[in-house]
Structure formats: structure tokens, C-alpha cells
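Asks: Below are the sequence and a predicted model; questions follow.
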Amino acid sequence: MLKELTREDFSDCLKEKFSLALDDRPPLEFELIDVSDLPSRPTSGGSSANLRSQPFSLLFLGPSEPLLDQQIYRLQHDRIGAADIFLVPVGADAEGVEYEAVFT
């Protein structure tokens with residue numbers, strides 16, 4: 001399913017909530033706060049079969065606690081459904097922790 005998701009799918013969910021379930025805890029709430037285009041990478045003789053035509057990144061705002069390690073997490077959204085996404089913590093402030101996901 002993840003290969004099928006596009007920048008536009010996520011752009012339609014900007015400022016909406018995603019949930020992330022951890023073990024036996026109540027789900028954590030994440031808000032999609034930014035969707036950005038990334039520069040395209042030129043191919044140099046290698047296979048480009050796994051590269052997107054337009055790479056993009058997502059920025060989520062999650063709770064301050066717990067601080068999640070960078071790894072793949074299953075995020076759930078009402079319209080998109082479940083998606084396994086590699087999240088990396090990239091910053092924190094009084095509002096929570098920001099996590100980035102990059103799609104190439």
C-alpha cells in the first residue's frame with residue numbers, strides 16, 4: 001500500500017490526526033503538519049524502478065512523551081488506512097516532538 005500513496009494523498013490530510021499504537025498503551029496521536037517536495041535525484045545508470053518521480057517528505061507533530069526511536073511505525077488514518085512509515089525524530093518544543101518521514 002505504501003508504494004501507492006502519493007504526496008497528494010498526504011496533502012489532503014494536512015492538519016489531520018493520525019494514530020500510532022504502541023504495545024498495550026492507548027494509541028498516540030500525531031498531526032500531519034507539513035508535506036514538502038524534495039529535489040529529484042538524477043539516475044546514473046542504476047535502476048530507477050524503486051524511485052518516485054517526485055520525492056517528498058512528511059512532518060508529524062507527536063506527543064512529548066514517549067520519545068520514539070527512529071524506526072518503522074504503523075500509522076492509521078481514517079481515509080488513508082494503515083501505513084508502515086519510517087519515522088525519525090527531528091526536533092522538539094513545548095508543543096511536542098516532530099517526526100519526519102521521507103519518500104524517495
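Replies: Cool, got the structure. Residues are numbered from 1 along each chain as shown.
Asks: low-confidence ranges in the protein?
Replies: Where the chain drops to pLDDT under 70, the residues are 1-3, 42-52.
Asks: swap the cut-off to 90 and go again
Replies: Counting by pLDDT under 90, the chain has low-confidence residues at 1-6, 22-25, 39-54, 104.
Asks: can you give me the strands for it?
Replies: According to DSSP state E, the chain carries its strands in the segments 17-20, 28-37, 56-62, 71-77, 81-93, 96-103.
Asks: Can you tell me the closest non-neighbouring residue to residue 66?
Replies: Excluding its sequence neighbours, the residue lying closest to residue 66 (Cβ to Cβ, 6 or more residues apart in numbering) is residue 22, at 7.6 Å. For the C-beta atoms, the positions are set from N, CA and C on the backbone; glycine is no exception.
Asks: quick one: that neighbour and residue 29 touch, right?
Replies: No - counting by Cβ atoms under 8 Å, residue 22 sits too far from residue 29 to count as a contact (12.0 Å).
Asks: follow-up on the earlier one: quick check: the residue nearest to residue 66 vs residue 7, distance?
Replies: Taking Cβ to Cβ, to the nearest Å as the measure, residue 22 falls 27 Å from residue 7.
Asks: Looking at the two, which is more packed in?
Replies: A count of neighbours by other Cβ atoms under 10 Å puts residue 7 above the other of residue 22 and residue 7, at 18 against 12.
Asks: Understood, closing this out.
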